[in-house]
Structures are given as C-alpha cells and as structure tokens.
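1. Build me a structure from this.
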Amino acid sequence: MGNRQLLILGVVLSLFLVLSCGKSTNKKNVSKSETSDVLVDSSFYFKSNIKYAKGFKIEMHEGYKELSVLDPWNKGKVFQKYYLIPRGTKGQFNLPLDAQIIEVPIKTIAALSSTQIGILDFLGVIDRVVAVSLPDKVFNKHLLKKVENGEVIGVGHNTSLDFERIVDLSPELVMVAGFMKISNEETKLINAGLPVAFNIEWMESNPLARAEWSKFIAAFFNKEQKADKLFTDLENRYSKVKSEIAHVKDKPDVISGYHYKGIWYMPGGQSYLAQLLRDAKGEYCWFSDSTKGSIPLSFEVVLEKQSGSKIWFGPARCQSLKEMKDLDERYTLFQAYKDGQVYSVTKRTDNKGANDYYESGVICPDLLLKDLAKVLHPELFPDYELYFYQKLK
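-> Got it, this is the predicted structure:
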C-alpha cells in the first residue's frame, strides 16, 4: 500500500473515531426503545420502591409501565389504571384496553387538589401546571405569580369542574383527588380523550405514606429516581425527629378537632393525625379506636371525656381564641382553652386565606411531626420555631 493510500486510510479512521465518540456522548442519557428507533430517556426505566403507601403500585413491563391506583373502599380492586409509555412510541405497543395510555414525560398538568401543588413543587415540576382548582386559594408564591399573570387558570373542582375550559386548555394530564365514585364531570373528561389521574393520597393514614404519593406523581414526569432520593431524605428527617423524642415518658393529654353543625369530628385512632400524635409522644384517648377517618361525636361526649386535656390541636379555621369562643362559647369549658394551650395550622396563611398547610403539609410530615413534638415537649426543641402551627391568643 502506497503512502497516499495509507494517508487516506488514516484520515478515514480518524473521522470514524471522532464520529463514534460524538454519538456515544449524545446518547449518554437515552436508549432505544425495544420496539422502535425512538430514543428514550433512560430515567423512564427506573422503578420506584414503594415502602409505605398502600394506595398505588408501579409495575415495569417490556417497554411500558403499569401504574395502578388501588380502591381503598373495595379491598383488592383497582380504582383506575394507567399505561405509561415513552413519548413518541404511541401505537408501537400491543397494550390491553383496560387503562388509559399516557405518553411520558408529560409537559402540562391541571392540578386540581392543593396537595398536588406541594408535591409538584417538591419534584421541581411546578412550571408544568396550567390549571388549578381554586386560584384564590393558591399559596405557592411561584404558582401564584403565574395565576396573576394569567398563565395558570382556575377550572373549579369536583362537581363544579369547568369542562369546556379544561378541554380548551387540553392539558396532557388532569389530576384530581379521587373519591368513592368517579363523578360525571370526570367521566366526561375521560370520554373527551383527556387522561384523568386519580390521586387518593388523602386516604393513607401514615404520614410517610401520604408523602410517598410523590412517587406516583413523579412517574408521569420520569422523575421517579429524583423522587426516591428526595423521599429517602425526607424519611431520614422524620426518623431523626422520632429518635430525638424516643426517650420521652411524660406524654401530655391531647384533644383535637372541633364542633361543626352539631357534630364533633374527632380524628380516629388509626387516622393520619393520630399517627402523628403517636410518633410525637402525645397521649390521645381515642388511640384504641380503629377508625381511619373521623369519629362523629356529640359535644357532650367530648366534654365529658376530654375537658381536662392539656393541649388542643384545634380548628384550622380559627386564628385566635376569640374566634373559637365566637364559634361556640362552650369551648371555654376545656382546660386547654383556659390555659391558652390551643394550636392551629394557620401560621402560613396569606391575606386571601390561602393556607400552605394544605399544599405543603402532605410533603412535609417531618415538619408537622416536629411542630407537634415542640408543642408537646418544648424543652427538647428550645431553638425550633413552629412552622405550620401557631399558638392561638
């Protein structure tokens, strides 16, 4: 082979190596779908490890994910199911017809429950929100600015959903709080071709289980790996607070809830708040009750059983003792009221009445636990300031 031919061969080999390296770099975070030439973000293939939540599950199949919301009112049944496929691969899978097919990551979402706002912010995808339920109740400052600029609009909730407005917006996902039955409005949205995701995190009784629904939402954004890491950090913070009060022997007696339209809705012994009180080392006379939701009681029964309780985690609608007295003067008969030991989740409330507790509380169980622990055992947290709760005056 002559010198000229060797030179040409060397140039060709050099170009081949350069191009090969370039292609390798460009494909660092993507891989080919097994059924097409579409390049898929490798984060799609990460599957979350669900540790606490009982209301959903994620299963990885060949090229797609099966995301199931389980029915908390009918054990063993599926409330709704979704098949998540990589964006650009629609029509390339022979999927069953028993679920909605959603291409991920989604680019836009109508978030129609306050708790979803907190989780979307937690995941760093708050910018994907194009619609909310009640814009005047938005607390998140970034989202509120978009509401004020007309970039995010209000579309109502539950039975008052503005069907036409949502269809006009055509978000890639409409996320609603799931209840026992799918409403007519939600059915209309599904029939119109809009994917509707039912989030039933509020039925979980474990604070960490509610927060773990962040992994459910993350699946629609290919953010499961990020969600897993953030949740592990959150779980560690929660455990740290528990460890700081593990040695506590003195457990102050606690009363909760308030009287509303003739009924006192007391958190049941297996409820979300009851679990927080257990972890915070409080004493609660309803711990032995098996109710996961609220126990409907008469005012007289509560007064008889809990008039001497030392600390009251009271109604979120009140920001002062006077407001409580104006609601029902009989509240003044309770020892906690007399001692001024009444606390409410109203510290992070703006002048419109929007309350961050309803947005961020679900994703900040560590702060809720620390708030309760601070109230119950103030000597252990001398430098900590309450985050969601405030003492009523």
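
2. residue contacts, D339?
-> Residues near D339 by Cβ atoms under 8 Å, 6 or more residues apart in numbering: K310. To be clear about C-beta, it is placed using only N, CA and C from the backbone, and glycine gets the same treatment.

3. change it to 10 Å
-> With Cβ atoms under 10 Å, 6 or more residues apart in numbering as the criterion, the residues that contact D339 are K310, I311, W312.

4. Just the pLDDT for it.
-> As summarised for this prediction, D339 has a pLDDT of 97.

5. And P315, by the same measure?
-> P315 carries a pLDDT score of 76 in this model.

6. Quick check: closest non-adjacent residue to it.
-> The spatial neighbour of P315 that comes closest, neighbours along the chain excluded (Cβ to Cβ, 6 or more residues apart in numbering), is Y258 at 4.0 Å.

7. cool, L208 as well?
-> Using Cβ to Cβ, 6+ apart, the closest residue to L208 is Y52 (4.6 Å).

8. now Y343
-> Beyond its immediate neighbours in the sequence, the residue positioned closest to Y343 (Cβ to Cβ, 6+ apart) is Y389, lying 4.7 Å away.

9. list the contacts for the one you found?
-> Contacts of Y389 were listed using Cβ under 10 Å, 6+ apart, and they are 313-314, 316, 343-348, 357, 367-368, 370-372, 374-375.

10. try it again with 7 Å
-> Listed by Cβ atoms under 7 Å, 6 or more residues apart in numbering, the contact set of Y389 reads Y343, S344, V345, K347, D371, V375.

11. any idea how far the second one lies from Y272?
-> Taking Cβ to Cβ, to the nearest Å as the measure, S344 and Y272 are separated by 17 Å.

12. which one is N184 nearest to, not counting chain neighbours?
-> Leaving aside its chain neighbours, N184 sits nearest to T159 (7.9 Å; criterion: Cβ to Cβ, 6+ apart).

13. The one you found against T187, yeah?
-> No - with contact defined as Cβ atoms under 7 Å, T159 does not count as touching T187 (11.9 Å).

14. And these two? Which one has more around it.
-> More neighbours surround T187 than the other of T159 and T187, with 12 against 9 (other Cβ atoms under 10 Å).

15. Helix or strand for the more buried one, just tell me which one.
-> helix 184-191 (DSSP states H and E).

16. Of all the residues in that helix, which ones are buried?
-> Within helix 184-191, the residues that count as buried by 16 or more other Cβ atoms under 10 Å are E185, E186, L189.

17. check contacts around the last one.
-> What that stands for is L189. Taking Cβ under 7 Å, 6+ apart as the criterion, L189 is in contact with F163, I166, V174, V196.

18. Of these, which belong to strands?
-> V174, V196 (DSSP state E).

19. tell me the least confident of the contacts of L189?
-> At the low end of pLDDT for the contacts of L189 is F163, which has 92.

20. re the thing from before, kindly reformat the buried residues of helix 184-191 as CSV containing distance to V138 and pLDDT.
-> Formatted as CSV, the entries for the buried residues of helix 184-191 read as follows, by distance: Cβ to Cβ, whole Å; pLDDT from 0 to 100:
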residue, distance to V138, pLDDT
E185, 21, 88
E186, 22, 90
L189, 21, 93
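
21. Show me which of these is closest to K57.
-> Of all the buried residues of helix 184-191, the one sitting nearest K57 is E186; the distance, using Cβ to Cβ, is 21.6 Å.

22. Verify the stated contact: the closest one with V196.
-> Yes - with the criterion set as Cβ under 7 Å, E186 and V196 qualify as a contacting pair; they are 5.6 Å apart.

23. The residue nearest to L208 and K215, how far apart?
-> Between Y52 and K215 the computed distance is 10 Å (Cβ to Cβ).

24. These two: which has the busier surroundings?
-> Counting neighbours by other Cβ under 10 Å for Y52 and for K215 shows that K215 has the greater number, 25 against 15.

25. wait, that one sits on K226?
-> No - between K215 and K226 there is no contact under Cβ under 7 Å: 9.9 Å.

26. hang on, the earlier thing: ok, now which ones touch the residue nearest to P315?
-> By Cβ under 7 Å, 6+ apart, Y258 lies in contact with W264, G314, P315.

27. 10 Å instead, please
-> When the contact criterion is Cβ under 10 Å, 6+ apart, the partners of Y258 are 264-266, 299, 302, 312-318, 324, 327-328, 331, 344.

28. Many thanks, we can stop here.
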